[in-house]
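> Structural data only, the sequence is not supplied:
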């Protein structure tokens, strides 16, 4: 396996090596558009991937903004049907965005997605700014 694909799990591996097995990654989509909801997804990859590496079908997976629509759909299908991956999706609608502001509504959606994961994560990797309202220990990646 090439180092490029091995390093895709560098942040997870660092936490797995500390004994944390339930590491979630959380990110959002929809903060840029002027209308519509903001959606957050949380994903927990299996910690035994620290030895075996990333599933080969996920090797091109990257930030959704860097993928085509068909690539996003393909990765979504893999992630949501993979027997070893746990995931959750949540959204904050226009009314909540208007009430809280887009950033706080995004954080709310992230917390909702993470709250759906059972058992809950021990640590969360967040892409972007720190989320002060996060109910879990976090690390920016």
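Ah, there it is. None of the values given here were measured: they were computed from a predicted structure.
> Tell me which helix or strand comes right after the lowest-mean-pLDDT helix or strand in the chain.
Lowest mean confidence among the helices and strands of the chain (mean pLDDT, DSSP states H and E): helix 3-6, at a mean of 46. Later in the chain than helix 3-6, the nearest helix or strand by DSSP states H and E is helix 10-17.
> contact partners of whatever helix or strand comes next after that next one?
Next helix or strand after helix 10-17 toward the C-terminus (DSSP H and E): strand 23-29. The contact list for strand 23-29 (C-beta atoms under 8 Å, 6 or more residues apart in numbering) reads 12, 15-16, 38-45, 47, 63-64, 106, 109-110, 113-114, 117, 121-128, 136, 141. Any C-beta I mention is one placed from the backbone N, CA and C, and that applies to glycine too.
> Strand 23-29 pairs with which strands?
Strand 23-29 pairs in its sheet with strand 38-44 (antiparallel), strand 123-126 (parallel), by DSSP bridges.
> and of the ones you listed, who's closest to residue 20?
strand 123-126 (5.0 Å; C-beta to C-beta).
> gap between the helix or strand following the closest one and the chain center?
The helix or strand immediately downstream of strand 123-126 is strand 138-140, counting by DSSP H and E. Remark: strand 138-140 is offset 12 Å from the chain centroid, using C-alpha atoms, centre = their mean, to the nearest Å.
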